[in-house]
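1. Kindly return the folded structure for what I paste below:
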Amino acid sequence: MSGYKQLIVWQKGIQLVKIVYSLSRRFPPEEQYGLSSQLRRAAVSIPSNIAEGNGRASRSEYLRFLSIARGSCFELDTQLTICREIGFCTEEELAPAFSLAEEIGRILNGMLRKLAD
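-> Predicted coordinates for the structure are as follows:
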């Protein structure tokens, strides 16, 4: 059951969730059900789909869930960009999240290529 917890990409996904929750805590209260919620769901989706895919019975299912996690990285990147553009966070505040999301995306790309062979 804990095999996925050994995956570096899952561990980095958990780190990213913590960063996103910390950032979104500072948003205006009216964003609780808006951008804040969207950011949190996208971030949580990354390690969740990695874990779920790891628990699936077939390689094709694992690939599908890794692909969903990768899509969530792109979604999160877009939402972080929106946060910067509308002034909720500065580039400096967002830099760790952008960097970690990019790293996770690269790892997922590698896993997808390797498993697809």
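
2. got any ranges where the chain has weak pLDDT?
-> Scanning the chain for pLDDT under 70 picks out 1-2.

3. In it, what residue spans correspond to helices?
-> Assigned by DSSP state H, the chain shows helices spanning 8-24, 35-54, 59-85, 91-116.

4. Out of these, which is the most enclosed?
-> Of all the helices of the chain, helix 35-54 has the most neighbours on average by mean count of other Cβ atoms under 10 Å, namely a mean of 21. To be clear about C-beta, it is placed using only N, CA and C from the backbone, and glycine gets the same treatment.

5. for that one, packing partners?
-> Secondary-structure packing of helix 35-54 (3 or more Cβ pairs under 8 Å, 6 or more residues apart in numbering; DSSP states H and E): helix 8-24, helix 59-85.

6. out of these, nearest to Ala43?
-> Minimum separation from Ala43 across those (Cβ to Cβ) falls at helix 8-24, 4.0 Å.

7. Contacts only, for the closest residue to Lys12 other than its chain neighbours.
-> Spatial nearest neighbour of Lys12, chain neighbours left out: Ile104 (5.3 Å); criterion: Cβ to Cβ, 6 or more residues apart in numbering. The neighbourhood of Ile104, defined by Cβ atoms under 8 Å, 6 or more residues apart in numbering, consists of 9, 12-13, 16, 46, 69, 73.

8. Redo those as a markdown table? Include distance to Phe27.
-> Putting these into a markdown table (distance: Cβ to Cβ, whole Å) gives the following:
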| residue | distance to Phe27 |
| --- | --- |
| Val9 | 27 |
| Lys12 | 23 |
| Gly13 | 21 |
| Leu16 | 17 |
| Ile46 | 20 |
| Ala69 | 24 |
| Cys73 | 21 |
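
9. Figure out which of the helices and strands packed on helix 35-54 is closest to Gly110.
-> With Cβ to Cβ as the measure, helix 8-24 is the member of the helices and strands packed on helix 35-54 nearest Gly110 (9.0 Å).

10. Give me the angle between that closest one and helix 91-116.
-> For helix 8-24 against helix 91-116, the angle by axes from the mean of the first three to the mean of the last three Cα atoms, to 10 degrees is 150 degrees.
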